Each structure stands twice: as structure tokens, then as C-alpha cells.
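**Q** mind looking at a prediction? Sequence and model below.
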Amino acid sequence: MTAYRYKALNELGRTVKGVVEGDSERQVRTQLRGQKLRPLEVSEASSARSGSSGLQRFLLRPSMKAGELALVTRQLATLVASALPLDECLQAVAEQTRRPKTKAIFLQVRSRVAEGHTLAHAMGQFPQAFDEMYRSMVHAGEQAGRLAPVLEQLAEYTENRQYTAQKLQTAMIYPVVLVAVAVAVVAALMVFVVPELIGIFAHTQKQLPPLTRGLIATSDFMRHYGLYAVFIGLLVWVGFRRALQVPHVKLNWHKQLLKLPGLGSVLISVDTARFSSTLSILMASGVPLLDALRIAGEVMNNRILRRASSVVAEQVREGSSLHRALARESIFPPMMVHMVASGEASGELETMLSRSALNQERELEMKLAATMGLFEPMMVVIMGGLVLTIVLAILLPIFDLNTMVR
């Protein structure tokens, strides 16, 4: 059976959309009429977008969010562990989800599995939904006959990644809101309040203090050219983003990011923790070390770290031990290298890699907590300094007028 997308009218004349399985388009239309729906459009889920433009296919290509992937992986692991046939497990997962795109993905995966393909091969048709690491672990689990435990590990891994990402996003909400409010308040003062207050000095012939003149010039610039400045800033940002699509530009940018005080260590902690946890789970699932190193390197965002992981993989291929190869690349944390050496010596490399990832995640949490603890009072001080500057620029001419009156 094949997954079909449909658009139909219900009894109230409203348009409804969904995904169903059927042997043919005609059979799907008959099935919809049996549900008191009037079919308008019926097409295969895999080819529904075939007539779309390249941009539309890019925007509408099937994918899943991290939280959704974690949930369906947990459901699939539970069903497979209960010894149900794999196609029935996939059918149940498809019925559980409410998102049409996700349902279409799992129905199409089920169709390919029912045709005799392996689960990893069927998931390979949707690389945007199931990345290479995910598919490699599923393949290793199928080859070893341990699909249920591997899916459990995948569920834990995706849930932990989602939890870490949520912590980072939550940690950034407050500073982003604080900066946005500070910028908005200062802009409102400069554009609406300062011109009205400074207007009282327009009739005086006395030269205003330098601080006041600077405030007036800044206010005039923001009132007359503020929108142009914002527009130019957006153009610069778009141009910068496009420039980052050039490989060597992106590589240089990532290299500079690692040199920034504070930020560089945070980026290294995030990527190396991701590298360690991915490598650990891949090796525990039976993926060969060289393949695991290649896949784990791809999950790192920073291109410098990704290039370092490629060098490590090449050195291991040539016969070097993993901890020696990591030690030659000074960018990996020393604690990680020592734990890998201990794991290789004791034969528990997967466990030590997992502990290394956990230690780095805890260290990252402490760094973020310390950074946020410093950022909040720093923003208060900066805001207070800006407001004090504006107030002084307004009060200095008033003090001069009082002196003249006396």
C-alpha cells in the first residue's frame, strides 16, 4: 500500500486535508467517499510536490522537529520491543501523530518496509527527517538483531539533545529580551523625548555643553536617518549570511569565533560534548569506529572542529589510537582526551565517551549560569549609564542657565 495525500470537502462544505493509505488513487477516492468526504485532489505523498519549483520543494520537503523525532522514536522503540511486526509498529506510529507531514513520512516508510526493504533503507528516502547518524544506528541495530535496544538509545539521545537545546534557548531568552527592551527604550528617548526637552534651549544664544550637542546630534541622526540605518543594517546582515555560504569565508569566521573570550570555550564545549555522545552511542550500537568518527564529526557545527575530527579519523585509519589522535589536535578538551585514554585502556570506550559528554554538558551549564549571572548586572549598569548620560546632557544647560540668572 502507498501513502496518498488528499484534499476533500466534508458534509459541512469545508475543505479538509490528510494522509491515507491505499492500493491506488481510485481506491483512496472510494475510501474517502465511504467516510462522507468529497475528494478534490488525491496524489501520492512522495510525488505530491513533483510539479513544484525547486524553492517550493526545498521549503516543503518532509522533515521533523527535534522534539517530534524524539517522541516518535520513543514510541517506535516501545512498539518494536513488544515484538509487534515492524510494519504494524510503523502504522501505529503514523496513526498516533497528528502532523500530516510526519504521518506521510511514516506511512511511506511503512510502505517500503512492507515491500521488503530494511528500515534503514526506507528511512534513507527522507534524509531531512532522519539524518545519517540516525540511519546508521538503525542499520547497525538491524544487522545485529538489536533494533529495539538501538531505538531506545536513539530515543534517549534525541531527548537529551532536545533538552540541551531547550536549555540553551531558555538561557538566551532573558538576555535577548533585556537587550531588545534596552535598545527600544533608548531609541524612544532619543527620537521622541530628547527633541522635546532640548527644544527649550533653542532660543538661548549661549553655546551648549559638548555632551548636550552630542546628544542633539545623535537624536537628529536617529530621527532623520534611523530607518535608513536599520535598512542598511539588515542589508549588511543578509550579505554577511550569504558570504558565510562560501566555504573558506565560513571557515575563517568559525576560526575567529573560537578565538573570542568566553564564547570560544562555550562553542567548543557544545560541539565536543555532541561529538562524544554521538560517538559513544554509535559505537555502542555496533557501528565501526572509523564510520562512527566520520558521522560524529558531521554533527559538530563549527567547521574548525569538524576539520579537526576529520584529521583524527584519518590518524586512526593510519593506526593511531583514538586518544593520541585527539591529543594531537589541541582543540579538544584535555579532560576528554584523558577519559578516552582511560576508556581505551579499560575496554570501556563507549562508557567513558558518554561520561565525557555528560561532564562537558555540566561544565557548559556552569559556564552559562556564570555568564548570565554577570550579564544581568552588566546590562543594568550599561542601561543606567546611558540614561545618566541623557539626563546629564539635558541638565547641564539648565545648570548654566541658573548660573546666568544669578
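**A** Alright, I've got the coordinates.

**Q** low-confidence regions, the stretch 151-300 of the chain specifically.
**A** Within the stretch 151-300 of the chain, the segments meeting pLDDT under 70 span 199-206.

**Q** strands of that one, residue ranges please.
**A** Counting by DSSP state E, counting those that start in this stretch, the stretch 151-300 of the chain has no strands at all.

**Q** all helices for it, in order.
**A** Secondary structure of the stretch 151-300 of the chain (DSSP state H, counting those that start in this stretch): helices located at 194-198, 210-243, 247-259, 263-284, 289-298.

**Q** those helices: which one's closest to residue 82?
**A** Counting by CB to CB, residue 82 lies closest to helix 263-284 out of those; the figure is 22.3 Å. In this view, the C-beta of every residue, glycine as well, is placed from N, C-alpha and C.

**Q** how far off helix 289-298 does the closest one point, in degrees?
**A** 150 degrees (axes from the mean of the first three to the mean of the last three CA atoms, to 10 degrees).

**Q** for helix 263-284, buried residues please.
**A** 264, 266-284 (16 or more other CB atoms under 10 Å).

**Q** ok, now which ones touch residue 5?
**A** 17, 18, 19, 41, 42, 43, 44, 45, 48, 100, 104 (CB atoms under 8 Å, 6 or more residues apart in numbering).

**Q** kindly report the same for residue 210.
**A** Residue 210 neighbours (CB under 8 Å, 6+ apart): none.

**Q** please report how far residue 14 lies from residue 40.
**A** Look at residue 14 and residue 40: by CB to CB, to the nearest Å, they are 12 Å apart.

**Q** more neighbours, the two?
**A** Counted by other CB atoms under 10 Å, residue 14 and residue 40 do not tie: residue 40 has more neighbours, with 13 against 8.

**Q** tell me if the more buried one really is in a strand.
**A** Yes - under DSSP: H, G, I helix; E, B strand; the rest coil, residue 40 falls within a strand.

**Q** partners of the residue nearest to it when sequence neighbours are not counted in the sheet?
**A** Counting by CB to CB, 6 or more residues apart in numbering, the nearest residue to residue 40 once its immediate chain neighbours are dropped is residue 7, at 4.8 Å. Counting by DSSP bridges, residue 7 forms beta bridges with residue 17, residue 41.

**Q** and the helices of the stretch 151-300 of the chain: which comes nearest residue 130?
**A** Closest to residue 130 of the helices of the stretch 151-300 of the chain, according to CB to CB: helix 289-298, at 12.8 Å.

**Q** list of residues touching that closest one?
**A** Here helix 289-298 makes contact (CB under 8 Å, 6+ apart) with 132-133, 136, 275, 278-279, 282-283, 287, 306, 309-310, 312-313, 316-317, 322.

**Q** buried only: go through the residues you listed for me.
**A** For the contacts of helix 289-298, a burial check counting by 16+ other CB under 10 Å picks out 133, 136, 275, 278-279, 282-283, 287, 306, 309, 312-313, 316, 322.

**Q** in TSV, list those along with distance to residue 167.
**A** Listed next are the buried ones among the contacts of helix 289-298 as TSV, based on distance: CB to CB, whole Å:
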residue	distance to residue 167
133	21
136	27
275	18
278	18
279	22
282	24
283	26
287	28
306	23
309	24
312	28
313	29
316	32
322	29
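
**Q** return the member of the residues you listed nearest to residue 125.
**A** Taking CB to CB as the measure, residue 125 lies nearest residue 136 of these, at 15.4 Å.
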